[in-house]
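# What would the 3D arrangement of this be:
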Amino acid sequence: MATTTGTGDNPFGGSYEYKGTASTTSLDFANMLKVLHGKLQATLNKESVTWDWFQELDDVELRGSSLQWPVHTKRSGGVGAIGEGETLPTAGSTSKPRAIAVAKEVYGRVNLSLKVMEASKSRDGAFASAVADSMQDLEDELKQSLNRQVIGHKVDGTETGGAAIANQTGVIARVDDPGTGVKTVTITDGSAFQLYPGMLLRVATEVDDLAGSAEDHWVVDSITSATTFNIVTGAAAAVVDGDLICVGDSSFTSARSELIGLAHICDDADELASIHPTETTSWKGFVSSNSDTNRNLSAELLDAMFDAVYDQGGKRPDAIIAHSSLCRQVKGLMENDVRYEPQTFRGGYERKMLVWNNGEKDVPVIPDKHVPLNRAFFPHRASIGLGWMRKFGWVDTDGSTFSRSGNTTTFDAVYGAMLEVCCKQRNAHGRMDDIKVNTTTLGLPA
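Modelled structure (predicted):
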């Protein structure tokens, strides 16, 4: 069979090159996935700015099914002044405790029906367009999900049943019961900007229930404000006020299975990577809050945040990550000294970003819609990063990228990775809460 080559539209920009035959095989589809893998990687780094900001750590080791890495929890000592001829100071300890975390698994699927694959045989290269269309959906979801996870959200307080909420990932928000037949749900702790229309949510009273077997679930219909959203009525049974939500439905759940985000790392309580601040007192971030009463942002408040983290951990944060509404507040403080400087992160893409001086250097002010409106994170980049067990790619350990899905005539290709966000020094990071922002100009996910 003669082989043909050509180009076609690429959802990632530019064009792709395909090579196929008039009787396209599953191997042709698999080869097309390999071509689009690089495009997907580039898109994740280019369009998911917070995800791209995280560097890769080279001292994370794989031990069994866990990731382990050395962390800084105290000063080593070993320095002191002595009199003439007196004994030298005792050498400081160079040993470091090790943090332990289980690598999280993040996957997405591309699905093609046998009918689409058969129809592709009638036109050279049509299979490339079919794969590219499916890849567009995967790209849109993956870039949003990864960015949301590295931001994270930590729900404080107690569960509806009275148990304290531990440092569990995957919990998006606490919500009130909309009532039977009522569409509008109110978020009492969290942000509607972490949701999107059509999103599948599992609803439960306890974290254990979110991560357990089938529970009540909702389908998001529309986002109506920063703290309210509508659900598709009839999609779930009635729940109680104070329930928790995560990504999921009656068949799957992301509770406890998402990445450790900044919300967990830049916190001053709860266990992180098998180390608890009650036992290791320096294992906590610096948190500036105002008892849930929003306050005006000021240059003094920003500078004090950098100074407080430095006083606590000896490192100055080198980024401010916040919702765009709070980033505009930072810009407003700069008056005639507004500066945009080129920033290059892990993916190698140069961006012009607003910068604020942290006392040592200009640091980027990174807007991210997944951060709650009245909150900002102040992370130290060298003290945080990605640890990998398996980098992103197509799951083909059995030798086949496409496999038949269950008892159907559709074929799946699975794309994903095994990784975790690893914190090397928790007191090198900070979080600022309770900041007033202008909500009258906010756009909403649609």
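
# Low-confidence ranges, this protein, go.
Applying pLDDT under 70 to the chain flags residues 1-30, 76-78, 92-96, 116-117, 119-128, 130, 166-167, 214-215, 234-238, 397-399.

# Need the single longest strand in it, by residues.
strand 410-423 (DSSP state E).

# That one packs against which elements?
helix 26-47, strand 66-70, strand 98-102, strand 104-113, helix 114-119, helix 126-151, strand 384-394, strand 402-404 (3 or more Cβ pairs under 8 Å, 6 or more residues apart in numbering; DSSP states H and E). In this view, the C-beta of every residue, glycine as well, is placed from N, C-alpha and C.

# list the buried ones in the last one?
Of the residues in strand 402-404, those buried under the neighbour-count criterion (16 or more other Cβ atoms under 10 Å) are residue 402.

# Please verify my assumption that residue 282 contacts residue 427.
Yes - counting by Cβ atoms under 8 Å, residue 282 touches residue 427, with 5.2 Å between them.

# hang on, the earlier thing: the longest strand of the chain to strand 66-70, inter-axis angle?
Calculated by axes from the mean of the first three to the mean of the last three Cα atoms, to 10 degrees, strand 410-423 forms an angle of 20 degrees with strand 66-70.

# how far out from the middle of the chain is strand 410-423?
How far strand 410-423 lies from its chain's middle: 13 Å, per Cα atoms, centre = their mean, to the nearest Å.

# Could I get the buried residue list for that strand?
Going by 16+ other Cβ under 10 Å, strand 410-423 has these buried residues: 411, 412, 413, 415, 416, 417, 418, 419, 420, 421, 422, 423.

# Give the pairing partners of that strand; include direction for each.
strand 104-113 (antiparallel), strand 384-394 (antiparallel), strand 402-404 (antiparallel) (DSSP bridges).

# residue boundaries of the helices in the chain?
26-47, 49-53, 114-119, 126-151, 207-210, 262-265, 299-313, 324-333 (DSSP state H).

# May I see these arranged in TSV, with mean neighbour count and distance to residue 386 as well?
Shown next, in TSV, are these (neighbours: other Cβ atoms under 10 Å; distance: least, Cβ to Cβ, whole Å):
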stretch	mean neighbour count	distance to residue 386
helix 26-47	18	12
helix 49-53	23	9
helix 114-119	15	35
helix 126-151	21	9
helix 207-210	20	25
helix 262-265	25	13
helix 299-313	17	21
helix 324-333	18	24
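
# Quick check: residue 43 touching residue 139?
Yes - Residue 43 is within contact range of residue 139, at 5.5 Å (criterion: Cβ under 8 Å).

# The longest strand of the chain versus strand 98-102: what angle between them?
160 degrees.

# out of the buried residues of strand 410-423, which one sits closest to residue 437?
Distance to residue 437, by Cβ to Cβ, is smallest for residue 421 among the buried residues of strand 410-423, at 26.0 Å.

# Report the contact partners of that closest one.
Applying Cβ atoms under 8 Å, 6 or more residues apart in numbering, one finds that residue 421 lies in contact with 54, 150, 259, 260, 261, 265, 384, 385, 386, 387.

# Could you dump those residues into CSV with distance to residue 63 added?
Output for the contacts of residue 421, formatted as CSV (distance: Cβ to Cβ, whole Å):
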residue, distance to residue 63
54, 22
150, 23
259, 19
260, 18
261, 23
265, 21
384, 20
385, 18
386, 17
387, 12
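
# Distance to residue 165 for the strands paired with strand 410-423 - can I get that in CSV?
Output for the strands paired with strand 410-423, formatted as CSV (distance: least, Cβ to Cβ, whole Å):
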stretch, distance to residue 165
strand 104-113, 19
strand 384-394, 23
strand 402-404, 39
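
# which one of these lies closest to residue 188?
strand 104-113 (26.7 Å).

# Render the CA-only coordinates of that closest one in CSV, please.
C-alpha atoms of strand 104-113 as CSV (Å, rounded to 0.1, in the frame of the first residue of the first chain):
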residue,chain,number,x,y,z
LYS,A,104,-0.1,10.8,42.7
GLU,A,105,-1.4,9.4,39.4
VAL,A,106,-2.8,11.9,37.0
TYR,A,107,-4.4,10.5,33.8
GLY,A,108,-6.6,11.5,30.9
ARG,A,109,-8.1,9.4,28.1
VAL,A,110,-8.4,9.8,24.4
ASN,A,111,-11.3,7.8,23.0
LEU,A,112,-12.0,6.8,19.4
SER,A,113,-14.8,4.7,18.1
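
# Pull the contacting residues for residue 381.
53, 54, 55, 318, 319.
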